[in-house]
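J.: Let's see this in three dimensions:
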Amino acid sequence: MRWMPCLTDLAFLLPALFLFGRLSGTRILLSDGDTGWHIRTGEWILNHRTAPTEDFFSFTKPHQTWFAWEWGWDLLFAAIHKFWGLGGVAFVNVIVLGVVAVLLYKLVVRAAHNELIAFAVTVVAICGSSIHWLARPHLISWIFFLAFLHLIQDAQEGNRKRLLWLPALMLLWVNLHGGFFLGLVLLLSTAMGKAAEAFWIEGQSLFECYRACRAFLLSFVACVAVTFVNPYTWHLHSHIFTYLTNAKLLDNIQEFQSTSFHSPAAIYFEVMLVLGCMAGVWLLQSGKLTQALYILCWIHLALFSGRNIPFFVMIAAPAIACLVQETLKRLRSARGIGDIAATAEEICQEIRPFENVRRSHLTSAAGLILLAVLFASGQKGFEAQFNPESFPSQAVSIIRASSAKHILTYDQWGDYLIYQLYPSKQVFMDGRSDFYGYEHISVGQNIIGAQYDWKNQLSRFAVDMVIVRPDAPLSTVLKSSPEWKMLLDDGKALVFEAIPMTRQVGCRRIEQSRPNRISSPYLS
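T.: Got it, this is the predicted structure:
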């Protein structure tokens, strides 16, 4: 039996099965250009042996202060990219998703003590999180988030020593991704929930309330102290706070906006949202204020920003599984449905001894080997390239051959061009919205929108190449401008290059030497 598959194996392989069976494989993982500049940043770190503090990707803000707060992830995946390319980056991120699924499944089993229900809820939750499956540093935050939940659960069950692991995990987290503050939120909300339960439910004194939450508060303080151990010290905290409180800037970033319920993965989120609301009410009625506080807060955050949906499903899944199990128990006495509930409970009881046997996880290992072979061979759906439907891939060779150095394009395309062309070319802006700020991004958008001062802005920044979509207003005016020539129009992207000034002057002299064939007093 040790060699046979178990639900843990299936949970580990679940993201890969959904990604390559239901979704479009690496086109999903590599559909965001941010991966490109992260890799190039990691290569810079490998070459210079230090974390960057100044910008070197743009020509609009050269040498200005920049916080590469995911420098640890950049370094790790630059090393992977060096030996295996984009295929290796995508492959490792599939493994990360598998680890996330296993950690979530184990967390749900701990809460519900029912492997079958836990696995079913995990399937819905993991599919719901696919709305943000991108080969970017935030996936690492999912692992740390679940690890914090496991260790906090250990402490709630009486093993307070497990909290000693949290500062060590926080030290890694703060240097891998800017989402480290979510761990602090978990600890603080747990302390608040424990104090509320002691005061409102158990009627204890304020001193007893403090004792109930003291361990979590001390762990919170230790984790806060550890977060300053990063290349940017306290400046990182100030920068992240300024970034996340800039409403104008976040309103222009899609992943920080509310999700579209027209997306394929939205149905899973809807299911988790409805069940999560029910579970939150049930927890409040049961006096479990800590878990209820978790769920209700993250319901709000998930509706507010699509980026928070994966964290919500992770928080809600254990409570939803408990609610489903409690509902099945109550339905035993009902006609018809009671038989189904009893049968499901019997199946779960029969599965439990089988699941408790230690496994060698041969199935998971075989799945990893198969995935590695498919990525290495570049089979359909496993191609080691950015999604060609999202980026101007056909324009790269023309851009590389051009003498132009300063490129104006969209932020996502800027990310892609950094990956393809750095350091020979520089961009007007890219996906580092926290670095460029709202005002600079607005200037770029206004130029692409051909606003009234677009020509002056192009001259101001010495832009000598523009890459836009066919429907961009700027493409229309550049087609008729004698100062620009079009190098490519493939139906997806238009590439314009500035004509050198000497050639422009020569053209004007020729035009001036031609006699006017129409004589009119209105022309004088």
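J.: Checking Gln134 next. Helix, strand or coil?
T.: In this structure residue 134 is Leu, not Gln. coil (DSSP: H, G, I helix; E, B strand; the rest coil).
J.: Can you tell me how far it is from Leu29?
T.: As judged by CB to CB, to the nearest Å, Leu134 and Leu29 stand 6 Å apart. Glycine gets a C-beta too; all of them are placed from N, C-alpha and C.
J.: So if I had to pick from these two, which one is more boxed in?
T.: Taking other CB atoms under 10 Å, Leu134 and Leu29 do not tie; Leu29 has more neighbours (25 against 17).
J.: Could you report the separation of that one from Ile267?
T.: Taking CB to CB as the measure, Leu29 falls 21 Å from Ile267.
J.: repeat for Val229
T.: For Val229, the distance to Ile267 equals 42 Å [CB to CB].
J.: Okay, buried residues for the helix or strand Phe119 falls within please.
T.: Element membership of Phe119 [criterion: DSSP states H and E] is helix 115-129. Buried residues in helix 115-129, counted by 16 or more other CB atoms under 10 Å: 115-119, 121-129.
J.: what do you get for stretch 19-31?
T.: For stretch 19-31, the neighbour count (16+ other CB under 10 Å) marks 19-20, 23, 25-31 as buried.
J.: So what touches stretch 18-35?
T.: For stretch 18-35, contacts defined as CB atoms under 8 Å, 6 or more residues apart in numbering pick out 86-87, 89-90, 93-94, 97, 126-127, 130, 133-136, 264, 380-387, 389-391, 411-416, 419, 430-431.
J.: Now with 7 Å, please.
T.: Outside stretch 18-35, the residues within contact range by CB atoms under 7 Å, 6 or more residues apart in numbering are 86, 89-90, 93-94, 127, 130, 133-136, 381-383, 385-387, 390-391, 412-413, 415-416, 431.
J.: now the top helix by length along the chain against helix 115-129, angle please.
T.: For the chain, the longest helix by residue count, based on DSSP state H, is helix 71-112. With axes from the mean of the first three to the mean of the last three CA atoms, to 10 degrees as the basis, helix 71-112 and helix 115-129 are set at 140 degrees to each other.
J.: list the helices and strands helix 71-112 packs on?
T.: helix 7-21, helix 26-29, helix 34-48, helix 115-129, helix 138-156, helix 309-330, helix 362-377 (3 or more CB pairs under 7 Å, 6 or more residues apart in numbering; DSSP states H and E).
J.: picking that back up, now restrict the contacts of stretch 18-35 to buried residues only.
T.: Buried subset of the contacts of stretch 18-35 (neighbour count, 16+ other CB under 10 Å): 86, 89-90, 93-94, 127, 130, 133-136, 381-383, 386-387, 390-391, 412-413, 415-416, 431.
J.: Phe261: what secondary structure?
T.: coil.
J.: mind checking how far it is from Leu139?
T.: 23 Å.
J.: Likewise for Ile117?
T.: 26 Å.
J.: same deal with Arg359?
T.: Computed as CB to CB, the Arg359 to Leu139 distance reads 25 Å.
J.: what do you get for Phe20?
T.: According to CB to CB, Phe20 and Leu139 sit 17 Å apart.
J.: ditto for Glu345
T.: 35 Å.
J.: Trp69 too?
T.: 15 Å.
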